[in-house]
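Asks: show me how the following folds:
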Amino acid sequence: MAISKLLHEKFLDNECPVFLIWLSATGRTTPAEGIVGKGTFFLPSGKKQRRADNPFSTLFTIFVQINLIRNTMCDSCGCGQPGKEPTILKPGEESHHHTHTHEGVEHSHEHHHGHGNHHDHDHDHIHDHGHSHERKLEIEQDVLSRNNLLAERNRGYFEAKKVLALNLVSSPGSGKTSLLERTIREQGENLSFFIIEGDQQTMNDANRIKEAGAPVVQVNTGEGCHLDADMVNKAVKKLEVEEGAVLMIENVGNLVCPAMFDLGESSRVVIMSVTEGEDKPIKYPYMFQSSHLCIINKTDLLPYLDFDLEQARKYAQQVNPKLEFIELSVKTGEGMDRWYEWLGQSANPVKV
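Replies: Next comes the predicted model:
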């Protein structure tokens, strides 16, 4: 019997007060009973209850595999919510937030225009105002299927245009934007760079990249915590990426959700700095597991920190034995030649 059908018939249809699922963000199958054994499960209301208080715990011996994001975690962080669509702008463009109400339901819209352009607020809307006060739990075998399909379309487009697309991921403050700025300035004559900047708010990073000398669009995700394939698809169209270019996608600073969203990139580059602690790879293993290259930045600060560089590599290789490493300092330039070499080797096969 299909897992979704089994869970629906045994629990949802019977209005069972307790419902446990183990949500796997990595696509791995995980024994639900093993998770119950750790002592915590969730009620539909979101409240936690100990296993000993649950008479249904012995029923959870099946294996549940659900790819987590939009209908679960990202419902909490705001990703993909109606009226919270991302904005995609080039430096110099403006964005105006417009809110209005239809039959008691508030809707938000972003309006984009350059200086001197006339705009109005006429809209055609299709609204479904059916409301239910019952709590619903939707279970799908793969809630990321739409994203994955669009990611494959992106990948096919990049391959057809011989574009090297790199997804740069990290926690906030690791130095992604500074790395891009220096790379553009020092390698702009050798490679054609196009940049997609991802942040929740502001045009700050896009403006920095423009000053460095590369075409750029800024994707502001609002309450969202990551970029997705659809955002990248729209941003690439606005950016008009040239054939044979290097597309750098600076994702939102976050080591959790971006790990789970394929953007259609050629490679994923995870950046960590020596100020973050060497155990970052085992604290956030899925990001490092899904990456191809790990850049360890701010090595100029090593004399002043208790950061164990060798241990950081061991932790990262523990979750991804195939992960490549480059240690560098964007500030001093030490190690940047190795990054440029890797970049050139990765870009050249795409251009053949």
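Asks: what's near enough to touch Ser346?
Replies: Going by Cβ atoms under 8 Å, 6 or more residues apart in numbering, Ser346 touches 164, 166, 266-267. For every residue, glycine as well, the C-beta is placed using N, CA and C.
Asks: in strands, which of these fall?
Replies: Taking DSSP state E as the definition of strands, the contacts of Ser346 contribute 164, 166, 267.
Asks: please pick the buried ones from those.
Replies: 164, 166 (16 or more other Cβ atoms under 10 Å).
Asks: and the ones in strands among the contacts of Ser346 as CSV, adding pLDDT and distance to Val319?
Replies: As requested, the ones in strands among the contacts of Ser346 are arranged in CSV below (pLDDT from 0 to 100; distance: Cβ to Cβ, whole Å):
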residue, pLDDT, distance to Val319
Leu164, 98, 25
Leu166, 98, 20
Ser267, 98, 17
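Asks: ok so, going back, out of the contacts of Ser346, flag the one nearest to Arg155.
Replies: Ser266 (7.7 Å; Cβ to Cβ).
Asks: burial count for that closest one?
Replies: For Ser266, the neighbour count with other Cβ atoms under 10 Å is 19.
Asks: just Ala206 next, same as before
Replies: 25.
Asks: repeat that for the one 10 residues further on.
Replies: Using other Cβ under 10 Å, Val216 has 28 other residues around it.
Asks: ok, now the one 10 residues further on?
Replies: Using other Cβ under 10 Å, His226 has 23 neighbouring residues.
Asks: how about it, what does it touch?
Replies: With contact set as Cβ under 8 Å, 6+ apart, His226 has these partners: 79, 198, 251-252, 254, 257-258, 260-261.
Asks: quick revisit: dump the ones in strands among the contacts of Ser346 into TSV; add distance to Glu211 as well.
Replies: Putting the ones in strands among the contacts of Ser346 into TSV (distance: Cβ to Cβ, whole Å) gives the following:
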residue	distance to Glu211
Leu164	23
Leu166	21
Ser267	26
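Asks: could you give me the buried positions within the strand or helix carrying Glu341?
Replies: Assigned by DSSP states H and E, Glu341 belongs to helix 336-351. Neighbour counts over helix 336-351 (16+ other Cβ under 10 Å) mark 336, 339-340, 342-343, 346-347, 350 as buried.
Asks: same question for stretch 152-168.
Replies: For stretch 152-168, by 16+ other Cβ under 10 Å, it's 154-155, 157-158, 161, 163-168.
Asks: just the helices in the protein please.
Replies: 3-7, 32-36, 73-77, 145-160, 176-187, 204-212, 229-239, 280-283, 285-289, 309-319, 336-351 (DSSP state H).
Asks: reformat those helices as a markdown table; add distance to Pro303.
Replies: Below are the helices of the chain laid out as a markdown table (distance: least, Cβ to Cβ, whole Å):
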| stretch | distance to Pro303 |
| --- | --- |
| helix 3-7 | 53 |
| helix 32-36 | 44 |
| helix 73-77 | 38 |
| helix 145-160 | 41 |
| helix 176-187 | 20 |
| helix 204-212 | 28 |
| helix 229-239 | 39 |
| helix 280-283 | 20 |
| helix 285-289 | 25 |
| helix 309-319 | 12 |
| helix 336-351 | 19 |
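Asks: worst average pLDDT in these?
Replies: Among the helices of the chain, helix 32-36 carries the lowest mean pLDDT, at a mean of 33.
Asks: now the buried residues of helix 336-351 in CSV, with distance to Met272?
Replies: Shown next, in CSV, are those (distance: Cβ to Cβ, whole Å):
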residue, distance to Met272
Met336, 17
Trp339, 14
Tyr340, 19
Trp342, 16
Leu343, 18
Ser346, 20
Ala347, 23
Val350, 26
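Asks: pick the one among those closest to Glu278.
Replies: Trp339 (20.3 Å).
Asks: CA atoms only: put stretch 238-255 into CSV for me.
Replies: What follows is stretch 238-255, C-alpha atoms only, in CSV (Å, rounded to 0.1, in the frame of the first residue of the first chain):
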residue,chain,number,x,y,z
LYS,A,238,16.0,39.4,-17.1
LEU,A,239,19.8,39.2,-17.0
GLU,A,240,20.1,38.0,-20.6
VAL,A,241,23.1,35.7,-19.9
GLU,A,242,25.4,35.4,-22.9
GLU,A,243,26.5,32.2,-24.4
GLY,A,244,29.7,30.8,-22.9
ALA,A,245,29.4,33.0,-19.8
VAL,A,246,30.0,32.1,-16.1
LEU,A,247,26.8,32.6,-14.1
MET,A,248,27.4,33.1,-10.4
ILE,A,249,24.3,32.6,-8.3
GLU,A,250,24.8,34.0,-4.8
ASN,A,251,22.2,32.2,-2.7
VAL,A,252,20.6,33.6,0.4
GLY,A,253,22.9,33.2,3.4
ASN,A,254,21.6,30.0,5.0
LEU,A,255,23.0,26.6,5.4
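Asks: which one of the contacts of Ser346 is nearest to Ala235?
Replies: Out of the contacts of Ser346, the member with the shortest distance to Ala235 (by Cβ to Cβ) is Leu166, at 14.2 Å.
Asks: residue contacts, that closest one?
Replies: 246-249, 265-269, 346.
Asks: what does Ile271 give?
Replies: Counted by Cβ under 8 Å, 6+ apart, Ile271 has contacts 168-170, 174-176, 179, 294-295, 297.
Asks: and those residues as a markdown table, adding distance to Leu89?
Replies: As requested, the contacts of Ile271 are exported to a markdown table (distance: Cβ to Cβ, whole Å):
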| residue | distance to Leu89 |
| --- | --- |
| Leu168 | 20 |
| Val169 | 22 |
| Ser170 | 23 |
| Ser174 | 24 |
| Gly175 | 24 |
| Lys176 | 19 |
| Leu179 | 22 |
| Cys294 | 31 |
| Ile295 | 28 |
| Asn297 | 28 |
